[in-house]
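[1] please work out how this folds:
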Amino acid sequence: MELANKKVLVFGSGKSGIGAAHLLLARSAQPVIYDGNTKVDPQTILDKIGEKVEIILGDLPEEVMDTLDLVIMSPGVPCDLPVVEKFKEKKIPIWGEIELAYRIGKGKVLAVTGTNGKTTTVTLLGEIMKDYYPEVYVVGNIGTPYTDVVLQQTENAWTVAEVSSFQMETIEEFHPVASALTNITEDHLNRHHTMEEYIRCKARVTENQTAEDCCVLNYEDEVLRPFAEKVNAKVIFFSSRRVLEKGIYLEGDTIRLKDGGEVIDVVKTGDLQLLGLHNFENVMVAVAMAYFAGVPMDSIRRTICAFRGVEHRIEFVEEKKGVRYYNDSKGTNPDAAIKGIQAMDRPTCLIGGGFDKQLPFDDWINAFDGKVKFFALIGQTAQTIAGTAERLGFPKEKIAFCDNLEEAVKACASHAVEGDAVLLSPACASWGQFDNYEQRGDMFKEYVHNLE
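    The predicted structure is shown next:
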């Protein structure tokens, strides 16, 4: 679609919406910023855009709908809202911010999705690509909107994108040359309502791929192994549990890549700075995608051995009085939080709880495996988590309800002794008490630093 002089509704005034508006203006379109939240400050939006554009808050008038050529959805806006259904009835094209960026951008795209492991994998993959190729952009759900970088791109660009199920809802032509699905577990059911719909949205990352492309899949995932038969791209499996006939796998303490008849020793896990089996899986995904993208193994090996991990994902904060404090604020669902507790090698005082995404907590509690000596709970899910923990045999007297994160940090510090760990790994989203998981993690680190 030629965007010049088209009237385009940008649904959502957050980071993605502002990025989309900038890109539309650069393409001589006429963006209209729409947000259903009437408390949003229009001047703040205008200041971020830097140009005068039309802004509509609250209800969207029917007469405005009838003038639209296109709608750009921000990923945080559900696609089943009544107003979105009206767009569909009126046959107004609906794209996501990712789709808009892809249509205008240049070069090749590597896209990673899945329930957990995306951020670490994308960050590592970005570092591998940057160490070998001169023009690499790391974008998407990881922080920088894809729309922010496309005007800088040349045909030699490589875009490494972390994409969510929300973003995959609204693609049409989005076509990564290499894709990956790290794993599929329950998440975002408050948005997608069923696991079937959640899986369908995740799987769309492969929708436009061809036999010339590749798709990296988790062999140990019960959803993804059979899904391989539906993928048009060349499938590369990864496994942390078995030797594969073809693909990348962990054998003993060595990650190996089997490409045709050749077996390549990629790295020994002891040479990595990342902790935990889940991180070895993240390394495998990044290595497989970079290798497909033409990066030599020597370059890959050098980068993965130097990589120290990402902020808010089992991030070591500080040691005080012999107690080690870890920030795993990125553990926003039970499966991610399981990885956090599995990475602990000492008695642990755990902080959990937050926004209710309507997920069960049984598997998380069962994964404690005797490591959790004290459990501080905060947020909307505190009572639900406590009920699950008690039902599964966790001692009631070792559970504390805290009004806020600062109180939880202090409670854990008072129960921890030399040789213990204090871990923030909430198994829940941050919304309600914090703007995002980054803010939650930053506040945790501040509270830890302020402990006497």
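[2] once you drop chain neighbours, what's closest to Gly14?
    Spatial nearest neighbour of Gly14, excluding adjacent residues (C-beta to C-beta, 6 or more residues apart in numbering): Ser74 at 5.9 Å. C-beta coordinates here come from the backbone N, C-alpha and C atoms, glycine included.
[3] oops, could you answer that again for Tyr249 instead?
    Nearest residue to Tyr249, sequence neighbours excluded (C-beta to C-beta, 6+ apart): Ser239, at 4.5 Å.
[4] which ones are touching the one you found?
    Neighbouring residues of Ser239 by C-beta atoms under 8 Å, 6 or more residues apart in numbering: Asn218, Tyr219, Glu220, Gly247, Ile248, Tyr249, Leu250.
[5] how about Val136?
    Listed by C-beta under 8 Å, 6+ apart, the contact partners of Val136 are Gly126, Met129, Lys130, Ala157, Trp158, Thr159, Val160.
[6] could I get these as CSV with distance to His278 and pLDDT?
    Conversion of the contacts of Val136 to CSV gives the following (distance: C-beta to C-beta, whole Å; pLDDT from 0 to 100):
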residue, distance to His278, pLDDT
Gly126, 19, 97
Met129, 22, 98
Lys130, 23, 98
Ala157, 30, 98
Trp158, 25, 98
Thr159, 25, 98
Val160, 20, 98
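[7] and which of these is nearest Leu23?
    Comparing the contacts of Val136 against Leu23 with C-beta to C-beta places Thr159 closest, at 14.1 Å.
[8] could you dump the helix or strand hosting that closest one to CSV, C-alpha only?
    Using DSSP states H and E, Thr159 maps to strand 158-162. Coordinates of each C-alpha in strand 158-162 appear next as CSV, following Å, rounded to 0.1, in the frame of the first residue of the first chain:
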residue,chain,number,x,y,z
TRP,A,158,20.1,-7.4,9.4
THR,A,159,17.1,-6.9,11.8
VAL,A,160,17.0,-9.1,14.9
ALA,A,161,13.5,-8.9,16.3
GLU,A,162,11.9,-10.2,19.5
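[9] check which element follows it along the chain.
    Moving toward the C-terminus from strand 158-162, the next helix or strand (DSSP H and E) is helix 165-168.
[10] any regions of the stretch 51-200 of the chain where pLDDT drops low?
    186-193 (pLDDT under 70).
[11] how about the strands of the stretch 51-200 of the chain, start to end?
    Using DSSP state E, counting those that start in this stretch, the strands of the stretch 51-200 of the chain run over 54-57, 70-73, 94-96, 108-113, 136-140, 158-162, 178-181.
[12] of all the ones you listed, which one is nearest Asn5?
    Going by C-beta to C-beta, the one of the strands of the stretch 51-200 of the chain nearest Asn5 is strand 70-73, 11.7 Å.
[13] from the contact counts, what lies against that closest one?
    In terms of contacts (3 or more C-beta pairs under 8 Å, 6 or more residues apart in numbering; DSSP states H and E), strand 70-73 is packed against strand 7-11, helix 15-26, helix 82-89, strand 94-96, helix 97-104.
[14] how about it: buried residues?
    Leu70, Val71, Ile72, Met73 (16 or more other C-beta atoms under 10 Å).
[15] could you dump the residues you listed into JSON lines with distance to Ala180 added?
    Putting those into JSON lines (distance: C-beta to C-beta, whole Å) gives the following:
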{"residue": "Leu70", "distance to Ala180": "30"}
{"residue": "Val71", "distance to Ala180": "29"}
{"residue": "Ile72", "distance to Ala180": "26"}
{"residue": "Met73", "distance to Ala180": "24"}
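[16] by neighbours, which of the contacts of Ser239 wins?
    The most neighbours of any of those, using other C-beta atoms under 10 Å, belong to Ile248, which has 26 neighbours.
[17] let me know the pLDDT of it.
    pLDDT, Ile248: 98.
[18] who does it bridge with?
    With DSSP bridges applied, Ile248 shows beta-bridge pairing to Phe238, Leu257.
[19] gap between stretch 36-50 and the chain center?
    26 Å (C-alpha atoms, centre = their mean, to the nearest Å).
[20] so for stretch 351-365, what's the average pLDDT?
    Taken as a whole, stretch 351-365 has an average pLDDT of 94.
[21] can I get the CA coordinates of it in CSV?
    C-alpha atoms of stretch 351-365 as CSV (Å, rounded to 0.1, in the frame of the first residue of the first chain):
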residue,chain,number,x,y,z
ILE,A,351,9.7,-12.9,46.3
GLY,A,352,6.7,-13.7,44.1
GLY,A,353,3.3,-12.3,43.0
GLY,A,354,1.9,-9.5,41.0
PHE,A,355,-0.7,-8.9,38.3
ASP,A,356,-3.1,-11.9,37.7
LYS,A,357,-2.8,-13.3,34.2
GLN,A,358,-5.1,-16.2,35.2
LEU,A,359,-2.3,-18.8,35.1
PRO,A,360,-1.9,-21.8,37.5
PHE,A,361,1.0,-21.8,39.9
ASP,A,362,1.2,-25.5,40.7
ASP,A,363,4.3,-26.4,38.5
TRP,A,364,6.2,-23.4,39.9
ILE,A,365,5.6,-24.4,43.5
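[22] flag every buried residue along it.
    For stretch 351-365, by 16+ other C-beta under 10 Å, it's Ile351, Gly352, Gly353, Gly354, Phe355, Asp356, Lys357, Leu359, Phe361, Trp364, Ile365.
[23] contact partners for the nearest residue to Gly276 once chain neighbours are set aside?
    Distances taken as C-beta to C-beta, 6+ apart place Ala343 nearest to Gly276, at 3.9 Å, with adjacent residues excluded. By C-beta under 8 Å, 6+ apart, the contact list for Ala343 reads Leu275, Gly276, His278, Asn279, Ile314.
[24] surely the third one touches Gly114?
    No. Under the criterion of C-beta atoms under 8 Å, His278 lies out of contact with Gly114, with a separation of 11.2 Å.
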